[in-house]
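**Q** compute the structure for the input listed below.
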Amino acid sequence: MRIIHLALAAALAAPMAACAQHTPQNHAAHHPPAQTAESGFAALQDRGAQAMGVDQYTSTHRFDSLVDGGRIELQRESDDPEGVATIRAHLASIAQAFSEGDFRTPGFVHAGTVPGTEVMAARRASIRYTYRDLPRGGQVRIITADAEALRAIHAFLAFQRGEHRAGGEVHSHR
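**A** Numbers count the residues shown, from 1 in each chain. Here you go, the predicted structure:
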């Protein structure tokens, strides 16, 4: 029994010794800073740049929830032929991947499962994705007549608007 008490005392002594060494001067060493909203957004922007190939701070996202689906737009904020070509290639590949039920790119950018994508993947046969060029980038149009898929698309786009701090319309009739 004495051996158990000694083992327990030794196990408790190590964390207590660490706490005794904890001072205001070495606080950061004991408690790494929590991720702030700004550092989380910066990390999202960095992953977005990796996935999309363009600086997210000099590009504009837009996520519109429409009555028959939605629209994702990405455009450069200034004339940048190389950046525009990169966006167009990225969005064309996104339209293809989404039509196949592949949502790994948004999963990577957002570091987790994005709301709506599981249903969108499962109901991919009832959703149409089309790509088209825009003056400084492109857009992916998402169209469905399936009510469950529509709810998932709207959840996906609402999440994107919030995470990217982006604009977009909700239930527009365009």
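**Q** could you use CA atoms for every contact and neighbour count after this?
**A** Noted.
**Q** next one: Pro106 from Glu100, what distance?
**A** With the distance defined as Cα to Cα, to the nearest Å, Pro106 ends up 14 Å from Glu100.
**Q** which one of those two is surrounded by more residues?
**A** Pro106 (19 against 15; other Cα atoms under 10 Å).
**Q** enumerate every residue touching that one.
**A** Thr113, Val114 (Cα atoms under 8 Å, 6 or more residues apart in numbering).
**Q** also Glu100?
**A** Residues near Glu100 by Cα under 8 Å, 6+ apart: Ala121, Arg124.
**Q** and it, how far from Glu77?
**A** Using Cα to Cα, which is the criterion applied here, Glu100 is 30 Å from Glu77.
**Q** with Arg62 instead?
**A** Taken as Cα to Cα, the span from Arg62 to Glu77 is 12 Å.
**Q** repeat for Ala121
**A** 31 Å.
**Q** with Tyr129 instead?
**A** When distance is defined by Cα to Cα, Tyr129 is 25 Å away from Glu77.
**Q** Thr58 now?
**A** For Thr58, the distance to Glu77 - Cα to Cα - is 6 Å.
**Q** how many residues are close by the closest residue in space to Glu77 that isn't next to it in sequence?
**A** Take Glu77 and drop its neighbours on the chain: the residue closest to it by Cα to Cα, 6 or more residues apart in numbering is Ser59, 5.3 Å away. Residues contacting Ser59 under the criterion other Cα under 10 Å number 18.
**Q** just checking, Ser59 touches Arg76?
**A** Yes - between Ser59 and Arg76 there is a contact at 4.3 Å, judged by Cα atoms under 8 Å.
**Q** shaky segments in this protein?
**A** The chain contains residues with pLDDT under 70 at 1-37, 44-45, 48-49, 51, 53, 56, 110, 172-174.
**Q** give me the buried positions along the helix or strand in which Ser93 is found.
**A** Following DSSP states H and E, one finds Ser93 within helix 81-99. Within helix 81-99, the residues that count as buried by 16 or more other Cα atoms under 10 Å are 83-84, 86-92, 94-96, 98-99.
**Q** same list (the residues you listed) but as CSV, adding distance to Ala155.
**A** Shown next, in CSV, are the buried residues of helix 81-99 (distance: Cα to Cα, whole Å):
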residue, distance to Ala155
Gly83, 29
Val84, 28
Thr86, 27
Ile87, 23
Arg88, 24
Ala89, 25
His90, 22
Leu91, 20
Ala92, 22
Ile94, 18
Ala95, 18
Gln96, 20
Phe98, 15
Ser99, 17
